[in-house]
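K.L.:
Sequence below, structure please.
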Amino acid sequence: MNTRIVLFVALGFMGLMIFAAILFPDFLENIMLTPAYYNHILFLHVLTVMLFFVNAVVGIFWEARSLSSKNKEVIVHTYKTVTWLDAHFSSPMIILAVSSGILLGYGNGGIWSSGWLSLSFLLFIFSGLVWIVSDIPSQYKIRDGLERLSSSIADIPPDFMNLLKRRLFISLSGVLPLFIVFVLMIYKPDFPSVMDWF
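P.N.:
Numbering: from 1, shown residues only. Reported below is the predicted structural model:
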């Protein structure tokens, strides 16, 4: 299946879930007040967040190691695999993590009810924006560039290598907020909701 289609379907579904959560908070809260559902949704949330985060971090290390090798075949294989994983693995994990997180948030008084939860949600949205605005377009440029590289060229051209390094920086920019979200999710510090900051 076309990677771009998978990506856009996943992003569209996630957007619909967020929109539904804003429009139908009572429905979601009723689901979360049913004890039988809570633990299943919590398990799904922790599992998908962990898998998505680990995939992102491992991808960054893998990209960095491939770039340090300066081996064209290694770099080409790495970026093709990372792009495929982002579209076919990360996208479903993001959808499930966001959907289950919104449900859990409504079961605990709403996304905006506590500081750690509201800040986590905004950081996740920020990370997603970095991913959508910068990471995805750079992945397509890299994919197109890799397809244009002639098999007779021994080394990757310097301008293309700079694009690969820039993408690594973009990936780090998207993962750092997720690390903060992980810390907030585990420790749940008590501070006012983001809505009360203004």
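
K.L.:
so what's residue 33 up against?
P.N.:
Going by C-beta atoms under 8 Å, 6 or more residues apart in numbering, residue 33 touches residue 107. Every C-beta, even on glycine, is put in place using the N, C-alpha and C of the backbone.

K.L.:
shaky segments in this structure?
P.N.:
1-4, 6-7, 10, 14, 28-29, 32, 150-154 (pLDDT under 70).

K.L.:
Okay, helices next: where are they in it?
P.N.:
3-23, 25-32, 35-69, 72-85, 91-107, 115-130, 136-148, 158-187 (DSSP state H).

K.L.:
ok now the fifth one, how far from the chain's centre?
P.N.:
What that stands for is helix 91-107. 12 Å (C-alpha atoms, centre = their mean, to the nearest Å).

K.L.:
by contact count, what packs against that helix?
P.N.:
helix 3-23, helix 25-32, helix 35-69, helix 115-130 (3 or more C-beta pairs under 8 Å, 6 or more residues apart in numbering; DSSP states H and E).

K.L.:
What count of nearby residues applies to the nearest residue to residue 80 once chain neighbours are set aside?
P.N.:
Leaving aside its sequence neighbours, residue 80 sits nearest to residue 146 (C-beta to C-beta, 6 or more residues apart in numbering; 6.8 Å). Using other C-beta atoms under 10 Å, residue 146 has 18 other residues around it.

K.L.:
same check, this time on residue 31
P.N.:
So residue 31, with other C-beta under 10 Å, has 14 neighbours.

K.L.:
Please give me every residue in contact with it.
P.N.:
37, 103, 106-107.

K.L.:
what's the distance between it and residue 40?
P.N.:
11 Å (C-beta to C-beta, to the nearest Å).

K.L.:
And for residue 174?
P.N.:
Taking C-beta to C-beta, one finds residue 174 at 28 Å from residue 40.

K.L.:
And residue 67, by the same measure?
P.N.:
The separation that residue 67 has from residue 40, given C-beta to C-beta, amounts to 41 Å.

K.L.:
the more surrounded of these two?
P.N.:
residue 67 (19 against 10).

K.L.:
For that one, which non-adjacent residue is closest in space?
P.N.:
Nearest to residue 67 is residue 164, by C-beta to C-beta, 6+ apart, at 5.9 Å.

K.L.:
Near that neighbour, how many other residues are there?
P.N.:
Counted with other C-beta under 10 Å, residue 164 comes out at 20.

K.L.:
List the contacts of it.
P.N.:
Counting by C-beta under 8 Å, 6+ apart, residue 164 has contacts 63, 67, 75, 79, 142, 156.
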